[in-house]
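1. model this:
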Amino acid sequence: MPTIAVIAPGAMGSAIGARLAGHGARVLTSLDGRGAASRARAEAAGMAHAGDGDLAAADLVLSIVPPADAEALARRLAPALAAAAKKPVYIDANAVSPETVGRIAGIVAATGTPFLDGAILGLPPKPGAGGPRVYVSGPETAPALVLRDLGLDLRVCPGGVGAASSLKMGYAGLNKGLTALAALMILAADRAGAGEALRAELAENEPALLARFATGLPDMAPKAHRWAPEMEEIAGFLGPDAAGRQVFAGYADLYRRLAGEAGAAEIAALIRFAAAAAER
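-> Residues are numbered from 1 along each chain as shown. Take a look at the predicted model:
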């Protein structure tokens, strides 16, 4: 029975933990500083709380946290990883840029712990469904293949550390970037009194886009606070492309605004648009 540490028990982490536990793995997590909702998710998923020393003694450590917390988690676990007699394989599966994952890899490598770059593409796994694609890249990906036997759709991304994160940045940039663009244009049309006309035009000539917005905008609303730092990571990924960096820095500002109290009215307008689109 392999022992997998999954940190943390958010929506994605707890769902992946449940999938692993359901296929026979012993799944550990960290509940230090977590609220009641996280604790309830962990319990429902069959994830057991453990201290940093026990987490570092697992066979694999899966870091699944908000982008802004990824580097801090590696620094927090570094002393326990350095002290571990048998090193786990540390997989950073967060939505961070290759530059950020390079720093994290350096922190982990200094402890003597093997490191793999990771990327999760898709929604959290649900019972009876295949779940997201989990990509890994790095010098030695074989230890991660056990995750296939534990119910995950694990795929190897060719290349070294940074390859999987580059894939994630490209995919998330297209996916969540399109949602940001849609929100901007729908809100602008709504302010100008042309919201209904825009919806009718999309229904007639871009029905696939309208259907996507009908589900994607409500899905974005509770996640905007997490998507803002992800947009900043994508801006960093774009490197010398000043125009691209500016676009995604703007998307980060948009998601941050929508996540705050000042964005409540805009979120309500987007939800109304999506609801009307879903009725067509």
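2. tell me where the protein has strands.
-> Assigned by DSSP state E, the chain shows strands spanning 3-7, 26-29, 47-49, 60-63, 89-92, 115-121, 133-137, 153-156.
3. tell me the mean pLDDT over stretch 94-101?
-> Regarding stretch 94-101, the rounded mean pLDDT is 97.
4. can you give me the end-to-end distance of that stretch?
-> Using CA to CA, to the nearest Å, the span of stretch 94-101 from its first residue to its last is 9 Å.
5. output the strands of the chain in JSON lines, with distance to residue 41 and mean neighbour count appended to each entry.
-> (C-beta placed from N, C-alpha, C; glycine too.) As requested, the strands of the chain are arranged in JSON lines below (distance: least, CB to CB, whole Å; neighbours: other CB atoms under 10 Å):
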{"stretch": "strand 3-7", "distance to residue 41": "11", "mean neighbour count": "26"}
{"stretch": "strand 26-29", "distance to residue 41": "9", "mean neighbour count": "24"}
{"stretch": "strand 47-49", "distance to residue 41": "8", "mean neighbour count": "21"}
{"stretch": "strand 60-63", "distance to residue 41": "15", "mean neighbour count": "26"}
{"stretch": "strand 89-92", "distance to residue 41": "20", "mean neighbour count": "27"}
{"stretch": "strand 115-121", "distance to residue 41": "17", "mean neighbour count": "25"}
{"stretch": "strand 133-137", "distance to residue 41": "19", "mean neighbour count": "22"}
{"stretch": "strand 153-156", "distance to residue 41": "21", "mean neighbour count": "17"}
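6. would TSV of those strands with distance to residue 174 be doable?
-> Putting the strands of the chain into TSV (distance: least, CB to CB, whole Å) gives the following:
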stretch	distance to residue 174
strand 3-7	27
strand 26-29	31
strand 47-49	32
strand 60-63	24
strand 89-92	22
strand 115-121	11
strand 133-137	15
strand 153-156	18
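7. relative to residue 183, which of the ones you listed is closest?
-> Evaluated with CB to CB, the strands of the chain place strand 115-121 nearest to residue 183, the distance being 21.5 Å.
8. what's the angle from the closest one to strand 133-137?
-> Strand 115-121 and strand 133-137 meet at an angle of 150 degrees, taking axes from the mean of the first three to the mean of the last three CA atoms, to 10 degrees as the criterion.
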